[in-house]
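K.L.:
Mind looking at a prediction? Sequence and model below.
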Amino acid sequence: ATVLAGKVALVTGGSRGIGAAIAKRLAADGAAVALTYSASPDRAQEVVEEIVAAGGRALAILADSADAEAVRSAVAQTVKTFDRLDILVNNAGILSLGSLDEISLEYFDRAMAINVRAVFVASQAASPYLSEGGRIITIGSVVGDRAGFPGAGVYSATKAAVAGLTKGIARDLGPRGITVNNIQPGPTETDMNPADGPHVDMLKGLIALGRMGKDTEIASLAAYLASPEAAFITGASLTIDGGFLA
Ligand code: NDP
């Protein structure tokens, strides 16, 4: 497909899981794609090689989302390499579960830095480069709306925060014809939430379709939001959860 031909995308946390699936899908739709990674350089390089082998253009950038300056540099490097920026996907995120008694202050601060502050930093850095038709897409979570089970309090708070940030930024960028949306996946099979993980049976029992989502299914929604067809959707949190919230 060529629906994104001529466009340039930056996907944070594109080395694995949902971010890697989004990077590959946007590239398949015709975009040149930069992706950031922090701990998984080999996985990031594999994603780049897969995109290039399929005839696309891709670049992996080392950028820890907890480091605001690194996030800003990733935006700048994307523009320097591909000459423009049309689509920012804020995907990088960390999950740690634990009850109120167990969860650490360190995790609270780190989750806020990666799941929330980096979304603000990247969006602010990308904004000057985005033009009419530009897109900011953040990967929140369905737990921003419904924690669903014990132990998800801090993680849920980070995902509720990006839902609010999405609405606010959508108001700021709407006059420029740029849309800003938040995808809220339900449980999705990735390293973060492995298909053989300890919570899988519990999670499946909460999902109307009785199975977890696939990273490619989340990427399909991101591709739609990135496309010109989604021009009238902004400030929205779009749930894709197999009926977890139903
Ligand atoms: P994974 O743990 O499988 O992958 C996380 C990705 O984020 C990796 O590419 C990782 O890169 C990157 N990342 C993590 N920390 C940092 C950091 N400090 N700086 C830069 N990149 C970082 O997670 P998923 O693919 O499952 O999750 C992706 C997003 O989707 C997250 O925001 C998550 O909260 C959200 N989500 C996931 C759900 C699920 O069930 N899987 C459900 C709902 C939402 P590296 O290894 O190179 O550091």
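P.N.:
Looks like it came in fine.
K.L.:
Please make it C-alpha for all contacts and neighbour counts, starting now.
P.N.:
Fine.
K.L.:
so, in contact with the ligand or not, the lowest-mean-pLDDT helix or strand in the chain?
P.N.:
Ranking every helix and strand in the chain by mean pLDDT, DSSP states H and E puts helix 200-205 at the bottom, with a mean of 90. No: counting by CA under 6 Å from any ligand atom, the ligand has no neighbours in helix 200-205; the shortest distance is 9.7 Å.
K.L.:
now swap in stretch 65-81 and tell me
P.N.:
Yes: Stretch 65-81 is in contact with the ligand by CA under 6 Å from any ligand atom, via 65, 66.
K.L.:
Just the buried positions in that stretch, please.
P.N.:
Across stretch 65-81, burial judged by 16 or more other CA atoms under 10 Å covers 65, 66, 68, 70, 71, 72, 73, 74, 75, 76, 78, 79.
K.L.:
Just give me the closest of those residues to residue 189.
P.N.:
residue 65 (22.2 Å; CA to CA).
K.L.:
which residues of this structure score low on pLDDT?
P.N.:
1 (pLDDT under 70).
K.L.:
Apply 50 and report the result again.
P.N.:
Within the chain, no stretch has pLDDT under 50.
K.L.:
how about the strands in it?
P.N.:
Along the chain, the segments classed as strands by DSSP state E run 8-11, 32-37, 58-62, 87-90, 135-139, 179-185, 237-240.
K.L.:
Quick check: longest helix in this structure by residues?
P.N.:
In the chain, assigned by DSSP state H, the helix with the most residues is helix 153-173.
K.L.:
quick one: is that helix near the ligand?
P.N.:
No: Helix 153-173 is not in contact with the ligand by CA under 6 Å from any ligand atom; minimum separation 7.6 Å.
K.L.:
Can you mark which positions in that helix are buried?
P.N.:
Within helix 153-173, the residues that count as buried by 16+ other CA under 10 Å are 153-167, 169-171, 173.
K.L.:
can you count the residues close to residue 93?
P.N.:
25 (other CA atoms under 10 Å).
K.L.:
Please report the number of neighbouring residues for the closest residue to it other than its chain neighbours.
P.N.:
Nearest residue to residue 93 in three dimensions, chain neighbours excluded: residue 115, at 5.0 Å (CA to CA, 6 or more residues apart in numbering). Look at residue 115: counted by other CA under 10 Å, it has 28 neighbours.
K.L.:
Look up how far residue 18 lies from residue 115.
P.N.:
Distance from residue 115 to residue 18, counting by CA to CA, to the nearest Å: 14 Å.
K.L.:
quick one: furthest residue from the center of this protein?
P.N.:
Of all residues in the chain, residue 101 has its C-alpha farthest from the mean position, at 29.1 Å, by CA atoms, centre = their mean.
K.L.:
Which residues of the protein lie near the ligand?
P.N.:
Counting by CA under 6 Å from any ligand atom, the chain comes close to the ligand at 13-19, 37-40, 63-66, 91-94, 114, 139-141, 185-193.
K.L.:
Centroid-nearest residue for the chain?
P.N.:
In the chain, the residue lying closest to the centroid (CA atoms, centre = their mean) is residue 91, at 2.1 Å.
K.L.:
any chance you could map the helices in this protein?
P.N.:
All helices of the chain, identified by DSSP H, fall at 17-28, 41-53, 68-82, 105-111, 118-126, 153-173, 200-205, 215-226.
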